[in-house]
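> using only what follows, build the 3D model:
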Amino acid sequence: MVAIRYIVDDVERAVSFYRDLLGFEVQAHPAPGFAALSRGELWLYLNASGAGGGGRAGGSPGPGGWNRFQLQVEDLEAAVKRLTGEGATFRSWITTGKGGQQILLEDPSGNPIELFELAGS
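Just a heads-up that it's a prediction; the model follows:
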(Lines give C-alpha, C1' and ligand atoms only; values in the text may rest on other atoms or scores of the structure.)
Protein backbone atom coordinates (compact mmCIF):
# COMPACT_ATOMS: atom_id res chain seq x y z
CA MET A 1 0.00 0.00 0.00
CA VAL A 2 1.13 3.54 -0.75
CA ALA A 3 -0.44 6.37 1.25
CA ILE A 4 -0.22 10.09 0.59
CA ARG A 5 -1.54 12.83 2.86
CA TYR A 6 -2.82 16.08 1.37
CA ILE A 7 -3.76 19.09 3.46
CA VAL A 8 -6.95 20.63 2.04
CA ASP A 9 -9.07 23.70 2.74
CA ASP A 10 -12.38 21.82 2.68
CA VAL A 11 -12.44 18.04 3.23
CA GLU A 12 -16.02 17.63 1.92
CA ARG A 13 -15.20 19.43 -1.33
CA ALA A 14 -11.97 17.45 -1.74
CA VAL A 15 -13.80 14.14 -1.15
CA SER A 16 -16.31 15.04 -3.88
CA PHE A 17 -13.51 15.99 -6.27
CA TYR A 18 -11.47 12.82 -5.83
CA ARG A 19 -14.51 10.50 -5.70
CA ASP A 20 -16.59 12.02 -8.51
CA LEU A 21 -13.91 13.20 -10.94
CA LEU A 22 -11.02 10.78 -10.38
CA GLY A 23 -12.71 7.56 -9.30
CA PHE A 24 -11.44 7.27 -5.72
CA GLU A 25 -13.48 5.28 -3.19
CA VAL A 26 -14.19 6.70 0.27
CA GLN A 27 -12.85 4.23 2.83
CA ALA A 28 -13.38 6.32 5.97
CA HIS A 29 -14.76 9.75 6.79
CA PRO A 30 -15.01 9.73 10.59
CA ALA A 31 -14.83 13.50 11.15
CA PRO A 32 -15.25 16.74 9.20
CA GLY A 33 -11.47 17.29 9.20
CA PHE A 34 -10.38 13.90 7.82
CA ALA A 35 -11.18 11.34 5.12
CA ALA A 36 -9.36 8.29 3.76
CA LEU A 37 -9.85 7.43 0.08
CA SER A 38 -8.37 4.76 -2.16
CA ARG A 39 -7.83 4.04 -5.82
CA GLY A 40 -6.26 0.66 -6.42
CA GLU A 41 -3.30 0.37 -4.06
CA LEU A 42 -3.02 4.15 -3.57
CA TRP A 43 -4.52 5.53 -0.37
CA LEU A 44 -5.11 9.27 -0.07
CA TYR A 45 -5.56 10.84 3.35
CA LEU A 46 -7.26 14.23 3.28
CA ASN A 47 -6.75 16.46 6.33
CA ALA A 48 -7.99 19.93 7.10
CA SER A 49 -5.11 22.07 8.34
CA GLY A 50 -4.97 21.75 12.14
CA ALA A 51 -7.27 18.71 12.25
CA GLY A 52 -5.89 15.61 13.95
CA GLY A 53 -2.22 14.71 14.18
CA GLY A 54 -1.73 14.66 10.40
CA GLY A 55 -3.09 18.18 10.05
CA ARG A 56 -0.69 19.51 12.71
CA ALA A 57 2.48 17.49 12.11
CA GLY A 58 5.54 19.58 11.32
CA GLY A 59 4.10 22.98 12.20
CA SER A 60 1.32 24.58 10.16
CA PRO A 61 0.98 22.53 6.97
CA GLY A 62 -1.03 24.04 4.14
CA PRO A 63 -2.30 22.96 0.72
CA GLY A 64 -0.56 23.55 -2.61
CA GLY A 65 3.08 23.20 -3.61
CA TRP A 66 4.60 21.07 -6.38
CA ASN A 67 4.90 17.61 -4.85
CA ARG A 68 2.30 15.35 -6.40
CA PHE A 69 1.21 11.86 -7.21
CA GLN A 70 0.65 10.56 -10.72
CA LEU A 71 -2.41 8.88 -12.20
CA GLN A 72 -1.87 7.11 -15.51
CA VAL A 73 -4.64 7.52 -18.09
CA GLU A 74 -5.22 5.82 -21.45
CA ASP A 75 -6.19 9.00 -23.37
CA LEU A 76 -4.91 12.21 -21.80
CA GLU A 77 -6.70 14.59 -24.18
CA ALA A 78 -10.04 12.87 -23.54
CA ALA A 79 -9.44 12.97 -19.77
CA VAL A 80 -8.59 16.69 -19.91
CA LYS A 81 -11.68 17.40 -21.99
CA ARG A 82 -13.93 15.51 -19.56
CA LEU A 83 -12.41 17.13 -16.48
CA THR A 84 -12.54 20.61 -18.04
CA GLY A 85 -16.23 20.05 -18.69
CA GLU A 86 -16.63 19.25 -14.98
CA GLY A 87 -14.97 22.57 -14.04
CA ALA A 88 -11.53 21.21 -13.14
CA THR A 89 -8.53 23.55 -13.02
CA PHE A 90 -5.16 22.82 -14.62
CA ARG A 91 -1.79 24.51 -14.01
CA SER A 92 -0.76 24.33 -17.65
CA TRP A 93 -1.65 22.59 -20.89
CA ILE A 94 -0.47 19.13 -21.93
CA THR A 95 3.31 18.82 -22.22
CA THR A 96 5.17 16.08 -24.05
CA GLY A 97 8.39 14.42 -22.94
CA LYS A 98 10.30 11.31 -23.97
CA GLY A 99 8.15 8.99 -21.83
CA GLY A 100 4.77 10.42 -22.68
CA GLN A 101 2.45 13.34 -22.08
CA GLN A 102 1.40 14.90 -18.81
CA ILE A 103 -0.60 17.74 -17.31
CA LEU A 104 -1.03 19.04 -13.76
CA LEU A 105 -4.59 19.03 -12.46
CA GLU A 106 -5.38 20.90 -9.23
CA ASP A 107 -7.70 19.70 -6.52
CA PRO A 108 -10.03 22.30 -4.93
CA SER A 109 -7.26 23.36 -2.51
CA GLY A 110 -4.56 23.72 -5.19
CA ASN A 111 -2.80 20.40 -4.56
CA PRO A 112 -1.44 19.04 -7.85
CA ILE A 113 -2.22 15.67 -9.42
CA GLU A 114 -0.21 14.67 -12.46
CA LEU A 115 -2.21 12.95 -15.20
CA PHE A 116 0.12 10.94 -17.42
CA GLU A 117 -0.28 9.09 -20.71
CA LEU A 118 2.57 6.70 -21.50
CA ALA A 119 4.14 7.21 -24.94
CA GLY A 120 2.82 4.70 -27.45
CA SER A 121 -0.24 3.78 -25.42
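
> ok, E106 - how many residues close by?
Using other Cβ atoms under 10 Å, E106 has 17 other residues around it. For the C-beta atoms, the positions are set from N, CA and C on the backbone; glycine is no exception.

> one more: P32?
Using other Cβ under 10 Å: P32 sits among 11 other residues.

> nearest spatial neighbour of it, chain-adjacent residues omitted?
Leaving aside its sequence neighbours, P32 sits nearest to V11 (Cβ to Cβ, 6 or more residues apart in numbering; 6.2 Å).

> if I look at that neighbour, how far off is S38?
Per Cβ to Cβ, to the nearest Å, V11 is found 16 Å from S38.

> more crowded one of these two?
Between V11 and S38, V11 has the larger neighbour count (other Cβ under 10 Å), namely 20 against 16.

> circling back: okay, the residue nearest to P32 and R19: tell me how far apart.
As judged by Cβ to Cβ, V11 and R19 stand 12 Å apart.

> related to what we said a few turns ago, got the contact list for the residue nearest to P32?
V11 sits next to H29, P32, G33, F34, A35, L46, N47, A48, A51 when contact means Cβ atoms under 8 Å, 6 or more residues apart in numbering.
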